[in-house]
Structures are given as C-alpha cells and as structure tokens.
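> Quick one: sequence and predicted model below, then my questions.
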Amino acid sequence: MSVQRGIVIGGGAFAGLALALALRQGLGPDFAITVADPALDTRPSRDPRATAIVAACRRLFEVVGVWNDVADGAQPILDMVVTDSKLQDATRPVFLTFSGDVQPGEPFAHMVENRYLIDALVQHATAEGIDLRGLAVSDFVTHSGGIDVTLSDGNVIEASLLVAADGARSKLRGRAGIATHGWDYDQSGIVVTVGHDRDHQGRAEEHFLPAGPFAILPLSGKRSSLVWTEKRTEAARIVALSEEEFHGELERRFGLHLGEVRALDKPRAFPLGYFVTRSFIGERLALVGDAAHVIHPIAGQGLNMGLKDVAALAEVIVDAARLGIDPGQADVLERYQRWRRFDTMAMGLATNSLNFLFSNESTLLRTVRDIGLGLVDRAPPLKGLFIRQAAGLAGEVPRLLKGEAL
C-alpha cells in the first residue's frame, strides 16, 4: 500500500524535527520518516537567538519527549508590561499588564535558547531511529501512487508525502509553483542578547516606540533577549556601529531599571515582512512553518504558528494512516489546509493591524491605542482571553497542543 511509503520532510529546524518526532510517536517505528537538511551536518547548533515558546507548544514538546532536556534552562515569562511612548520621553507609562498562569503552575510562555532546543530535537530524532540526512531535497516528481523525492546526492526516496519545512525562502514551495501574497514592511528586527545587573524577575516588556516595538524578553540568569524593530536603513546603521556607539543606542531604549546593560553577542538585523501562501498544500505536498507563512514579530507568534501547523498536520496524517488511508492523498491534505489557513490569516491580519497602529508618529493614533490598552487592562475577562490566545489555547486546538499523545 502507498501508505507504507513513508514521509520525507525537507527542512531540519524546529518545525521539521518536531513533526518527525510527532509522527514517530503516533505511527511507531515501522513507518519510514526521513528529514533532509544540509544543516543537520553542522551540529551542535550555533544559533545565538532565543524564542518564546507558548504554553500550547511547550505541551507539544513535552508530549514528544523533548521538553525535559531544555526545561532547566528555560525561563518562564511570569508577567508582561506594555508601554507606549516616544523615544525621548523621560518616563514610559504602563498601559497594560499581563500576569497569571493559563493553568495553575503553567506560565503562558517560556523563553528558550534556540541552540539548546534544536540540539535536543536532533538527539531525540536520532534516538527514535528517524532517518536524518545532511542533504537538501533537490527535486521531486509526483505520480499516482506517491512522490519520488531526489536528494542532493542523487538518491531517490519513494514517499507518500513530502513536507516543505524549509523556511521563508522555501525552494520546495517554489518548485511546486505555489505563489505567495504579502508585502515588505521596510522594517528590520534587530536581535541581540544582553546582560544586566539586576534580575528581571521573569518579566517581559514591550515598549511601543514610533519606529516599532522594542521587546525585552527574559532569559535565565541576569540576561534578556531583545527584538528591536527599526526602519530598514536605521537598523542597518545601528548594527554597523562600534561597540560603544551601539551601547549608547541600546541604553536609550532599554533604560536603567535593570542596572547597567551590555550586549553579550553581536547584534544582527533581519528584514521583516508578511506573506501567506495561496495554498498550504500541493500534489502530495504540505507546507508548514515559515514555508507557509511569515508574520511580524510584534506578537511573538511566528515560530508558534509553525508549531501549530506541525500539530495539525501530524494529527491529520496519523488519523489517516491508522485508517489505512494514504496520508498524501488530496482529501487528507485538504483537511490540514482547512484547519490551519483561517487561523493563519487571522493572526496575519492581527499583526498587520498592530504594526500599523503602533509603528507611527501619529498623535491621534497614539491617543486611540492608549485608551484601548487602558480599557483592556481594566477588563479581567478580556485579559484572560488575550492570555489564552497568546498561549495558543484558543480555537480548535490539535491534540498535541493540549498535551495529548496522538
């Protein structure tokens, strides 16, 4: 039966490896799963960035057995404050605060350093007997019984389904002729890890400045991860500054509430934009993560949106395979697309609106948004809804995001 041909996943970052582990758990050791990515040959990971893992996605990592490997170094976000001001303002009044758990003892998010999580995923995938290839997917050809996937060394794998988890510039998406629609923000996100003299107490801060949000996200120890939005040309200028000059720009935005602040690695700037593919699926092809959508980091949901894709696709595939249905056939993949497309479009619209509302100099818009933030802050039921949405627990939630095994 073609269902026994297995699955090839093109891309070995968070989404691809998490999907492989979820499928292994749901379908057992006899189901063939291959992950192909040249980066699999360059371990351990040297990625200096950190990511906010929301509660629902932390549950996914718990179910697939990875969370315990990174839990000791994960920093829970215990509360969050939102301010709105101009860069030169002497004070930054707080308009909105979030605190509390989604469940008793379960924070709505944790900060995890990327390199530790990637390495844990690779180690578990290896231990589970998943076929990890340090190669790219160079081509694929579909036919009535499956899809023949050619790797960059010329070897061909016969599969039921190919999953494109190869990022925002997905070659697999392009090879399938799947178009995207979206736009460039003319903004860049500056990412850097900083140290400071005082403990952050697990507090995250989002300062809305005219150029865009300046987010301070707590890491273990007296460290924080910054996601700092500026106009593209200004971001390029800032990351090119000398260490001393960069410190001056950093201090102007960070402030001194945590004592002296210093950069612990070299700041890097990443262009920001928004796009969604016109289809999440092709013939025997499914797109997940950044290959399917890229949104503004203003709500910190980019990676978590990709992990929601993973949870939904894994559930669809496992349900089909257990019934003896070919997981690569069109009606199975259409179920995945229906499940994820609306949520993705809604989140994209929300982040676009937030970016427009907050990344500008308009006094009128500033007044409107500050009134809105104040109203939300004084409405506990609305804040509770926001927390559940931010934690990934709103709407139709896949089983893995509920903490349930497939």
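Great, that's in hand. Residues are numbered from 1 along each chain as shown.
> Just to be sure, Ala71 is in a helix?
Yes - per DSSP: H, G, I helix; E, B strand; the rest coil, Ala71 lies within a helix segment.
> Run through the stretch 51-200 of the chain and note the low-pLDDT ranges.
88-93, 100 (pLDDT under 70).
> Is Gly16 within a helix or a strand, and which one?
helix 14-27 (DSSP states H and E).
> average pLDDT for that helix?
Mean per-residue pLDDT for helix 14-27: 97.
> C-terminal to it, what's the next element?
strand 33-36.
> Direction included, what does that following strand pair up with?
Sheet pairing of strand 33-36 (DSSP bridges) gives strand 7-10 (parallel), strand 131-133 (parallel).
> can you give me the offset of the shortest one from its chain's centre?
The one in question is strand 131-133. Using CA atoms, centre = their mean, to the nearest Å, the distance from the centre of strand 131-133 to the centre of the chain it belongs to is 23 Å.
> Same question for stretch 195-210.
21 Å.
> For it, C-alpha coordinates in PDB please.
Extracted as PDB, the C-alpha positions of stretch 195-210 are listed here (Å, rounded to 0.1, in the frame of the first residue of the first chain):
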ATOM      1  CA  GLY A 195      23.200  41.100  30.300                       C
ATOM      2  CA  HIS A 196      22.100  43.400  33.100                       C
ATOM      3  CA  ASP A 197      23.000  44.000  36.800                       C
ATOM      4  CA  ARG A 198      19.600  43.300  38.300                       C
ATOM      5  CA  ASP A 199      17.300  40.300  38.000                       C
ATOM      6  CA  HIS A 200      14.300  40.700  35.600                       C
ATOM      7  CA  GLN A 201      12.100  38.500  37.900                       C
ATOM      8  CA  GLY A 202      10.700  36.800  34.800                       C
ATOM      9  CA  ARG A 203       9.100  40.000  33.500                       C
ATOM     10  CA  ALA A 204       8.800  40.600  29.700                       C
ATOM     11  CA  GLU A 205       8.500  44.200  28.500                       C
ATOM     12  CA  GLU A 206       7.100  45.500  25.200                       C
ATOM     13  CA  HIS A 207       7.800  49.200  24.600                       C
ATOM     14  CA  PHE A 208       5.900  50.600  21.600                       C
ATOM     15  CA  LEU A 209       8.100  53.300  20.100                       C
ATOM     16  CA  PRO A 210       7.400  55.200  16.900                       C
END
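> any residues touching that stretch, and which ones?
75-87, 92, 107, 213-218, 221-224, 253, 257-262, 264, 358-361, 369 (CB atoms under 8 Å, 6 or more residues apart in numbering). C-betas here are computed from N, CA, C, even on glycine.
> Packed most tightly, which of the strands paired with strand 33-36 would that be?
Most buried of the strands paired with strand 33-36 by mean neighbour count (mean count of other CB atoms under 10 Å) is strand 7-10; its value is a mean of 28.
> The helix ranked longest in the chain - what's its average pLDDT?
As assigned by DSSP state H, the longest helix anywhere in the chain is helix 330-358. Throughout helix 330-358, pLDDT has a mean value of 85.
> again, but for stretch 396-406
On average, stretch 396-406 scores 94.
> Quick one: end-to-end length of stretch 285-303, please.
Using CA to CA, to the nearest Å, one end of stretch 285-303 lies 21 Å from the other.
> 876 is where my numbering starts, stick with that
Fine by me, first position is 876 from now on; the one you just mentioned is stretch 1160-1178.
> For it, buried residues please.
Across stretch 1160-1178, burial judged by 16 or more other CB atoms under 10 Å covers 1160-1178.
> tell me the centre residue of this protein?
Closest residue to the average C-alpha location of the chain: Leu1178 at 0.6 Å, with CA atoms, centre = their mean.
> Which parts of the stretch 1176-1281 of the chain are helices?
Counting by DSSP state H, counting those that start in this stretch, the stretch 1176-1281 of the chain has helices at residues 1177-1197, 1205-1233, 1238-1252, 1255-1265.
> Where does pLDDT dip in the stretch 1076-1225 of the chain?
For the stretch 1076-1225 of the chain, the ranges with pLDDT under 70 are 1174.
> strands paired with the longest strand seen in the chain, and their directions?
If you go by DSSP state E, the chain has its longest strand at strand 1055-1071. Paired with strand 1055-1071 in the same sheet, following DSSP bridges, are strand 1098-1106 (antiparallel), strand 1136-1138 (antiparallel), strand 1143-1152 (antiparallel).
> What are the buried residues along the longest one?
Just to be clear, that refers to strand 1143-1152. Neighbour-count burial for strand 1143-1152 [16+ other CB under 10 Å]: Ala1144, Leu1147, Tyr1149, Phe1150, Val1151, Thr1152.
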